[in-house]
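[1] Here is my input; please provide its structure:
(one chain, ligands or ions: 1)
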Amino acid sequence: MCGIVGYVGNGNGVQFLIDGLNSLEYRGYDSCGIAGINGEVKVLKTVGRIKNLEDLVPEDLELSIGIGHTRWATHGGVNTTNSHPHQSFNKRFTLVHNGVIENFQELKDRFFKNVNLVSETDTEVIVQLVELFSNEGLTTKEAFLKTISKLQGSYALCLIDSEDKNTIYVAKNKSPLLVGIGEDCNYVGSDALAMIKYTNKFFEINDKEIVTVTKNDVVIENKFGEIITRDTFTPDIKHGEIDKGVYPHYMIKEIDEQSSAMRNILSKYFEDKKISIDAEIVEKVKEADRIYIIGCGTSYNAGLVGRHYFEKWAKIPTEVHLASEFAYNVPLLSKKPMFIFLSQSGETADLRAVLTKMKEVDKDYKFLVLTNVSASTLSRECDYTLLLHAGVEIAVASTKAYTSQIAILSILAYEVATQIGRKMKFNLEKELAVVTSAIDSILDDKKTIKNIANKLFTERNAFYIGRGVDYYSACEASLKLKEVSYIQTEGFAGGELKHGTIALIEKNTPVVALITNTKLDLNTRSNISEVASRGANTLVITLEKLARENDYAIPNVHEDLAPIVSIVVTQLFAYYAATGRGLDVDKPRNLAKSVTVE
Ligand code: F6R
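    Sure, this is the predicted structure:
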């Protein structure tokens, strides 16, 4: 979380810093700031959104070198003092940081025992150490290197020195950071989105490298001080993609983009009516005696649906785990495991922790990541990548990445099942095309869905229920609703409600049942009757063929693939419940899009 930017060049970097921070605001948005050198060092910081920062920036401010930061607080409350950039006591060094310094208290006790630091942040220790080591006679680069050698944890850092207006010192470990190449200038940013308006040529930075960025040069050195030559890369994103266009919010734009994302997937993963996935990936999954799908939040929920495909179609035992639990509570692993990571951003720290841990357990383990970001950290660090091709996802609440993840898991499982010799009784390409049209018809019915949402979600609490894969959809539907509307929501297995949770049902409590499996129709309907007779305000979302009066019917699709369709109704419910309450649906409170701290 947190986003950082840097600029050094012949022009005025202020606009880049502001634009970059606006693009990175999805990574954290409780406070922000910029700093740069213009004769003296100028630091502008504020609590709240980048808009507040823009209001602080004098119109005539010119910075040929500058750094910026948008914060998601980890150490210290949300206030101007704790916001970045942070400065050393003598104001010579100024720094922005994304990540968490795990040993900051230890460093504070060791180097600044009886010294009052200005802020409560872990970051300030870094900049004060640079000053301390520079006072010992080291050059800025040496002091920066010595400081980094003392840090434990995750960091992406940009440091400037008031005595040198030509250089930004950059380093990273575990947190993402790229250098963008400009003309007579260079850029630094937490991701390509921050810089794509200005350049499409980037250098990757690896963990523990230190990079010296000047207007005409980028020097990358490894931890032994050896210079590394590296090619630039151009990511598969265009500047226009990150605009909201005619939409009022990114969330609704991205919900709407789900049918085009499905069409993209169909064109990327099918060729001449055959599935087209790297043969080695299919081989590794086929060889596995157990699949471990690992993710967080929405990606974890997509994994639950994916398990259904691997077990039902390919008959490979599959477990789904939360990354944050798996890393520190590793289950008993099978003899030949295959790990499938799900991560829209490809940067999630909890997943990276699992990767590191599992590589330590056995260096021959293989890791596949399904991600939306081709140059992401997990994509670089895993053995194999399958891209979601969903297009940039900016709204904090993940929507199109979720449906794309499920679709690609279905394609992989189907291919594995076919190659293992299982008789698949349906044509997946055709069925996914039916799914795509079904999504389109739901998207065309927004007015009805909005009306239902406005009438249904009037209370403080709400429940989604379902059985089988519909239970997993219920979990995702409730996550979406709670994160953007702040309604207290849970997703429950339909049959489980009566074992305790039914005590929470009061008059008008909304309970939405998802029913997309003919065999479970009556069971879930019994659960809905149980809560309706206790006063709940109920709704059933079901396939046309199973629909009864007052249900919300979605087009008939292959039942195994129905979670890709039914979820779209619930994403729209979440969107309308939040916007109906006047909430900032793209940036819900306390959240950030890319969770790069554990
Ligand atoms: C919820 C949401 C989060 C993410 C989770 C994992 O709408 O977006 O729950 O799904 O933080 O992020 P990725 O998929 O980037 O690893």
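
[2] Tell me, how many residues neighbour the spatially closest residue to residue 480 that is not a sequence neighbour?
    Among residues not flanking residue 480 along the chain, residue 574 sits closest, at 4.0 Å (CB to CB, 6 or more residues apart in numbering). Heads up, the C-betas are built off the backbone N, CA and C, glycines and all. If you count neighbours by other CB atoms under 10 Å, residue 574 ends up with 27.

[3] Hmm, residue 574 is touching residue 489, no?
    No. Using CB atoms under 8 Å, residue 574 is not in contact with residue 489; the gap is 9.0 Å.

[4] Which residues are in contact with each of the two?
    residue 481 (CB atoms under 8 Å, 6 or more residues apart in numbering).

[5] For stretch 40-55, C-alpha coordinates in PDB please.
    Extracted in PDB, the C-alpha atoms of stretch 40-55 (Å, rounded to 0.1, in the frame of the first residue of the first chain):
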ATOM      1  CA  GLU A  40      15.700  25.200  -1.000                       C
ATOM      2  CA  VAL A  41      13.800  22.000  -0.200                       C
ATOM      3  CA  LYS A  42      10.000  22.500  -0.300                       C
ATOM      4  CA  VAL A  43       7.700  20.100   1.500                       C
ATOM      5  CA  LEU A  44       3.900  20.200   1.100                       C
ATOM      6  CA  LYS A  45       1.800  17.700   3.000                       C
ATOM      7  CA  THR A  46      -1.800  17.300   3.900                       C
ATOM      8  CA  VAL A  47      -4.300  14.900   5.400                       C
ATOM      9  CA  GLY A  48      -6.900  13.500   2.900                       C
ATOM     10  CA  ARG A  49      -7.000  13.200  -0.800                       C
ATOM     11  CA  ILE A  50      -4.600  14.400  -3.500                       C
ATOM     12  CA  LYS A  51      -7.200  17.100  -4.300                       C
ATOM     13  CA  ASN A  52      -6.300  18.700  -0.900                       C
ATOM     14  CA  LEU A  53      -2.600  18.600  -1.900                       C
ATOM     15  CA  GLU A  54      -3.300  20.200  -5.200                       C
ATOM     16  CA  ASP A  55      -5.000  23.100  -3.400                       C
END
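
[6] That stretch: how far from the chain's middle?
    Distance, stretch centre to chain centre, for stretch 40-55: 25 Å (CA atoms, centre = their mean, to the nearest Å).

[7] just stretch 574-583 next, same as before
    Here stretch 574-583 is found 21 Å from its chain centre; the criterion is CA atoms, centre = their mean.

[8] and that stretch with the ligand, contact?
    No. Using CB under 6 Å from any ligand atom, stretch 574-583 stays clear of the ligand, coming no nearer than 9.2 Å.

[9] which helices and strands sit right next to the worst-scoring helix or strand of the chain on mean pLDDT?
    None of the helices or strands of the chain scores lower by mean pLDDT, DSSP states H and E than helix 377-381, at a mean of 92. For helix 377-381, the elements it packs on are helix 349-361, strand 367-371, judged by 3 or more CB pairs under 8 Å, 6 or more residues apart in numbering; DSSP states H and E.

[10] And the ones you listed: which comes nearest the ligand?
    Smallest distance to the ligand across the helices and strands packed on helix 377-381 (CB to the nearest ligand atom): 6.1 Å, for helix 349-361.

[11] on contacts alone, who are the packing partners of the closest one?
    Going by 3+ CB pairs under 8 Å, 6+ apart, helix 349-361 lies up against strand 290-295, helix 323-326, strand 337-343, helix 377-381.

[12] Burial check on the residue in the stretch 151-300 of the chain positioned nearest to the ligand, number of neighbours?
    Closest residue of the stretch 151-300 of the chain to the ligand, CB to the nearest ligand atom: residue 297 (1.8 Å). Look at residue 297: counted by other CB under 10 Å, it has 23 neighbours.

[13] how about it, phi and psi?
    Main-chain dihedrals, residue 297, degrees, to the nearest 10: phi 50, psi -130.

[14] Can you tell me the SS state at residue 188?
    Judged by DSSP: H, G, I helix; E, B strand; the rest coil, the three-state class of residue 188 is strand.

[15] Can you pull the domain assignment for this protein?
    The chain breaks down by automatic domain parsing into domains covering 3-238, 244-425, 446-586.

[16] of all those domains, which lies closest to residue 435?
    Closest approach to residue 435 among the domains of the chain is made by domain 446-586 (5.2 Å; CB to CB).

[17] now do the same end-to-end measure for that closest one.
    Taking CA to CA, to the nearest Å as the measure, domain 446-586 stretches 18 Å from start to finish.

[18] same thing with stretch 544-557?
    End-to-end distance for stretch 544-557: 9 Å, by CA to CA.

[19] Which positions within it qualify as buried?
    Applying a neighbour-count criterion of 16 or more other CB atoms under 10 Å, one finds 546, 547, 551, 552, 554, 555, 556, 557 buried in stretch 544-557.

[20] and those residues as CSV, adding pLDDT, secondary structure and distance to residue 210?
    CSV is the format used below for those (pLDDT from 0 to 100; DSSP: H, G, I helix; E, B strand; the rest coil; distance: CB to CB, whole Å):
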residue, pLDDT, secondary structure, distance to residue 210
546, 98, helix, 61
547, 97, coil, 62
551, 97, coil, 60
552, 98, strand, 56
554, 98, strand, 53
555, 97, coil, 55
556, 98, coil, 58
557, 98, coil, 52
